[in-house]
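In: return a 3D structure for these sequence lines:
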Amino acid sequence: MASNPNENPTCVFCRIIGGDEMVSIIHEDDDIIAFLDIQPLHPGHVLLVPKAHYKNLFYVPEELAARTFAVARRILPGLRKATGCRAVNLFSANGADGGQDVFHFHVHLIPVPEGAPFPLQLPDPGAEVPSRSQLDVMATHINRCVHDELTSPESEAEEQAAGAAA
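Out: Coordinates of the predicted model:
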């Protein structure tokens, strides 16, 4: 396996992609590698990792993000059949506050056996349900911020540089 040109030597996923760490590969192509997690939540827990180093989804080019989820979609039926699980959860932590501990964008494909507890249960049974007006205000605020970010060339260039450097 050739060395990763976007390699970050402190990143375990870059070392895996570069062939410096052993993994059990499920899928590999020019852009994506999928392998079994060495600390699986359930047997068959797969990590889906773009080969190019980007800190998290905030920095991944849209085409690569779409490709990553297309590969996930291709793996899901076989993963479900191999594990006998009817459910498979996709999860991606993006930022330390969200639980990310390897700062190279990746997606977990986690088979969930029938009746098995899953640590991230939504909705949170103790969560308050906001009013419709609170939801509408938040939706308006998010939409405005999304529009601002999409139309701001400065923020895009800054994020691209920060994402590749991390």
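In: now the farthest one out in the chain, which residue is it?
Out: Distance to the chain centre peaks in the chain at Ser133, reaching 31.5 Å (criterion: C-alpha atoms, centre = their mean).
In: what helix or strand is it on?
Out: Ser133 belongs to helix 132-150 when assigned by DSSP states H and E.
In: and Lys81, by the same measure?
Out: Under the criterion of DSSP H and E, Lys81 resides in helix 62-83.
In: how about residues contacting that helix?
Out: Helix 62-83 is contacted by residues 26-27, 29, 31-32, 34, 42-44, 46, 48, 50, 52, 54, 57, 60, 85-86, 88, 90, 105, 107, 109, 111, 113 when judged by C-beta atoms under 8 Å, 6 or more residues apart in numbering. In this view, the C-beta of every residue, glycine as well, is placed from N, C-alpha and C.
In: buried ones in that helix?
Out: Neighbour counts over helix 62-83 (16 or more other C-beta atoms under 10 Å) mark Leu64, Ala65, Arg67, Thr68, Val71, Ala72, Ile75, Leu79, Arg80, Thr83 as buried.
In: which one of the residues you listed is nearest Thr151?
Out: Ala65 (19.7 Å; C-beta to C-beta).
In: quick one: the strands in this structure?
Out: For the chain, strands defined by DSSP state E occupy the ranges 25-28, 32-36, 46-50, 87-91, 107-112.
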